[in-house]
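Asks: Build the 3D model from these lines:
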Amino acid sequence: MQRYFLSRIGQSIAIIIGVLFLVFFMVRVTGDPAALMMSRNATQEDVEAFREKMGFNRPIYVQFADFITHAIRGDFGNSLRYRMPAMQLVLERIPATVELASVLARALGLIGQSVPNFWLALILIIIFAVNLQWFPSFGRDDWKSVVLPAVSLALFPMGQFVRLTRATVLDVRSQNYVRTAYSKGLSKRTVYFQHILRNVALSLISIIGIQFGYLLSGSIYIEFIFSWPGIGQMIAESVAGRDFPLIQAIAIFTSVVIVLINLLTDMAYVIIDPRIKYG
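Replies: Okay, here's the model as predicted:
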């Protein structure tokens with residue numbers, strides 16, 4: 001097991017390094033980064049001064065080494081729009097996104113599989129914010145503010161989670177070892193906790209890791225629709241404003257979080273089921 005954990009940690013580090021590489025070059029493959037970051041009304045002198053300030057006139061390998069050195073410390077420069085450290089802005093928005101992704105996690109039904117959440121968001125605004133005026137349609141103030149965006153975001157993954165849980169439980173209950181456990185005289189509670197739920201957890205752990213990535217990506221347009229001050233809204237604003245230092249910080253932060261979630265998922269998987277080979 002220890003060898004497996006070390007192997008997965010090494011793979012995760014390699015993935016993060018790959019993400020750093022891609023994030024660094026994604027700005028440069030689209031053209032001159034200085035011209036992209038500057039306003040369209042900027043003069044050539046302004047662009048040259050900005051290129052000198054940002055170090056884009058240095059050799060590419062020097063820029064990459066400098067980028068990696070600073071990225072390891074969490075330094076991605078200042079946001080062009082907010083004039084603040086990019087990573088600091090990302091960390092300030094994280095609580096709002098986590099709150100939105102975690103509320104109502106056990107209360108949503110099966111219709112989420114067939115209802116697009118951006119369409120649902122608009123319908124909820126019309127019904128509950130405009131007509132009934134029960135909840136606000138934008139912002140993050142009191143507990144009412146989180147209800148509509150949380151339902152819109154969480155309905156699809158929770159519907160998938162409920163369907164998978166039900167299907168897996170029905171499948172496990174029909175296995176021979178469950179019938180054998182009942183024939184030994186074990187109580188229903190013991191069979192469920194020691195035999196059924198333990199095996200059901202294997203499937204659920206995998207889907208939880210996948211859904212976490214969905215919640216982060218799906219929050220982009222949900223936060224934009226509801227003007228929710230989280231990572232998703234910041235992504236939309238930074239792309240529209242060509243704020244590449246902030247885009248880089250968000251991309252790397254979210255990638256690292258997803259890699260860590262997947263790493264923890266794999267570790268939990270082998271802990272629950274020792275039969276898995278640690279290759």
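
Asks: Tell me the gap between stretch 238-251 and the middle of its chain.
Replies: Counting by C-alpha atoms, centre = their mean, to the nearest Å, stretch 238-251 is centred 16 Å from the centre of its parent chain.

Asks: now do the same end-to-end measure for it.
Replies: Taking C-alpha to C-alpha, to the nearest Å, the first and last residues of stretch 238-251 lie 11 Å apart.

Asks: For that stretch, which outside residues touch it?
Replies: 19, 23-24, 26-27, 33, 36-37, 76-82, 86-87, 89-90, 231, 234-235, 237 (C-beta atoms under 8 Å, 6 or more residues apart in numbering). Using the backbone N, CA and C atoms, a C-beta is placed for each residue, glycine as well.

Asks: Please narrow these to those residing in helices.
Replies: Of the positions in these, 19, 23-24, 26-27, 33, 36-37, 86-87, 89-90, 231, 234-235, 237 sit in helices, assigned by DSSP state H.

Asks: show me where the stretch 51-200 of the chain has helices.
Replies: 60-72, 86-102, 117-124, 144-173, 176-183, 188-191, 197-225 (DSSP state H, counting those that start in this stretch).

Asks: just checking, what packs against the first one?
Replies: If you count contacts as 3 or more C-beta pairs under 8 Å, 6 or more residues apart in numbering; DSSP states H and E, helix 60-72 packs onto helix 2-28.

Asks: Against which helices or strands is the helix it packs on packed?
Replies: Checking 3+ C-beta pairs under 8 Å, 6+ apart, helix 2-28 ends up next to helix 60-72, helix 244-272.

Asks: Which among the helices of the stretch 51-200 of the chain is found nearest to residue 266?
Replies: helix 197-225 (8.4 Å; C-beta to C-beta).

Asks: Off-centre distance for the closest one?
Replies: With C-alpha atoms, centre = their mean, you get 8 Å for helix 197-225.
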